[in-house]
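Asker: Generate coordinates for the sequence data below:
(one chain, ligands or ions: 1)
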Amino acid sequence: MSMATGSKFMPPQATEIAKSVDSLYEFLLIVSFISCVLVIGGLIYFAIVHRRKHEGEKTPYIAHNTTLEFLWSFIPFVIFMVVFVWGWVVYHQLRHMPENGLEIGVQGQKWDWTFIYKSGRKTAGEIYVPVNQDVKLLMTSADVIHSFYIPAFRTKQDVVPGRYSALWFNANREGTFQVFCTEYCGDKHSAMAAKIHVVSREKYEDWVQTDAYKGLSSVEIGAKVYGQRCIACHSLTPTPEGANPIAPSYYGLFGKQEKLDDGSTVLVDENYVRESILNPNAKIVAGYKKGIMPTFAGQLSEEEVMGLIDYLKTVK
Ligand code: CUA
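Answerer: So this is what the prediction gives:
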């Protein structure tokens, strides 16, 4: 029962550490399975063989057996020590940051991930890294505790507001891998995902120097930003009767008279949309809660805000 390929039970192994983690996991699984069979099997066996066979049967009095007691203490002790040392070695590999790794900044925010490259390029929801390169992520949070988890790399680290935490990896194959948030951080925690694209060094160099929105129209920029920033909470389809979404749908939103929670109405125009993005608590639509949407001030460029407004106009 080898899980080395990672195909049946585990995600793909895209780092060398993933292999070490899986070997340890496999060892624990096998040892646990054997122990389980011995303990439960022994329990059933002795219960049947040494059951009382007739009224008044007396079983022999056995106080202890030194050899047996020594063995069932000593063998588990050895196994535990092996697991401890092995686990310590793997953990040390995971936590020992590379000296000259490529460093990328990460900011977690309800409910997406922003990646900040030294070249000045910034992305949301996806990250590009070169293959066979030590990469260090220096991470912080704008609001609550999140956790950055890449199953294919077998690495995970809490992302905490007000301080930096870090993780590192060295992907050994090209491909796209999933990132999850693994610290419950509110309604859309499960939507707080991202993709890691592991590409060749040349592709990476190209990508990191390119303007993220090169050749895109304003609406296309908006659509891209929507897919990275808004999609977790705002849908593009009409809200069904009785549904209780976390945020208003974008469907037919632009140009509409929106009812607010203070009873007034507001026209959804460019200024309203802009304010809702940068200062979301200023006006709350009736039926929705204050404080759910985080501010995107400082997160989105002017180009992106305008793109979103243009994109919104097309959603009808
Ligand atoms: Cu962020 Cu869960």
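Asker: List the contacts of whichever strand or helix holds residue 138.
Answerer: Assigned by DSSP states H and E, residue 138 belongs to strand 134-141. Around strand 134-141, the neighbours that count as contacts under C-beta atoms under 8 Å, 6 or more residues apart in numbering are 97-98, 100-109, 129, 148, 157, 159-171. Heads up, the C-betas are built off the backbone N, CA and C, glycines and all.
Asker: Output it as CSV, restricted to C-alpha atoms.
Answerer: This file holds the C-alpha atoms of strand 134-141, laid out as CSV (Å, rounded to 0.1, in the frame of the first residue of the first chain):
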residue,chain,number,x,y,z
ASP,A,134,13.3,28.2,-2.9
VAL,A,135,10.4,30.6,-2.3
LYS,A,136,9.7,32.3,1.0
LEU,A,137,6.3,33.8,1.7
LEU,A,138,6.3,36.6,4.2
MET,A,139,2.7,36.9,5.3
THR,A,140,0.4,39.1,7.3
SER,A,141,-3.3,39.8,7.7
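Asker: contacts with the ligand among the contacts of strand 134-141, please.
Answerer: residue 108 (C-beta under 6 Å from any ligand atom).
Asker: just the buried members of the contacts of strand 134-141?
Answerer: 101-104, 106-109, 129, 148, 157, 159-160, 165-171 (16 or more other C-beta atoms under 10 Å).
Asker: any idea how far residue 169 is from the nearest residue to residue 133 once chain neighbours are set aside?
Answerer: Once flanking residues are discounted, residue 133 sits nearest to residue 102: 5.7 Å by C-beta to C-beta, 6 or more residues apart in numbering. Residue 102 is 11 Å from residue 169, where distance means C-beta to C-beta, to the nearest Å.
Asker: now do residue 267
Answerer: From residue 267 over to residue 169 the distance is 49 Å, taken as C-beta to C-beta.
Asker: roughly how far is the top helix by length along the chain from the heart of the chain?
Answerer: Ranked by residue count, the top helix of the chain under DSSP state H comes out as helix 16-49. With C-alpha atoms, centre = their mean, to the nearest Å as the basis, helix 16-49 stands 29 Å off its chain's centre.
Asker: picking up where we left off before, partners of whatever helix or strand comes next after the strand holding residue 138, with directions?
Answerer: Next in sequence after strand 134-141, counting helices and strands by DSSP H and E, comes strand 146-150. Strand pairing for strand 146-150, determined by DSSP bridges: strand 155-159 (antiparallel), strand 175-181 (antiparallel).
Asker: Now those in TSV, please, with extra columns for mean pLDDT.
Answerer: Putting the strands paired with strand 146-150 into TSV (pLDDT from 0 to 100) gives the following:
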stretch	mean pLDDT
strand 155-159	95
strand 175-181	94
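Asker: Distance to residue 137 added to these, as TSV?
Answerer: Listed next are those as TSV, based on distance: least, C-beta to C-beta, whole Å:
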stretch	distance to residue 137
strand 155-159	8
strand 175-181	10
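Asker: Just name the most buried of those.
Answerer: Per-stretch averages of neighbours, counted by mean count of other C-beta atoms under 10 Å, single out strand 155-159 among those, with a mean of 20.
Asker: gap between the closest residue to residue 50 other than its chain neighbours and residue 65?
Answerer: Computed as C-beta to C-beta, 6+ apart, the closest residue to residue 50 that is not its neighbour in sequence is residue 59, at 6.9 Å. Separation of residue 59 from residue 65 (C-beta to C-beta): 15 Å.
Asker: Quick one: low-confidence residue ranges for the stretch 51-200 of the chain.
Answerer: Along the stretch 51-200 of the chain, no part satisfies pLDDT under 70.
Asker: Give me every residue in it lying close to the ligand.
Answerer: Residues of the stretch 51-200 of the chain found near the ligand (C-beta under 6 Å from any ligand atom) are 108, 111, 146, 181, 183, 184, 185, 189, 192.
Asker: Tell me the bridge partners for the first one.
Answerer: The one in question is residue 108. Counting by DSSP bridges, residue 108 forms beta bridges with residue 113, residue 141.
Asker: Name the residue of the stretch 201-316 of the chain that lies nearest to the ligand.
Answerer: Distances between the stretch 201-316 of the chain and the ligand by C-beta to the nearest ligand atom are smallest at residue 232, namely 10.2 Å.
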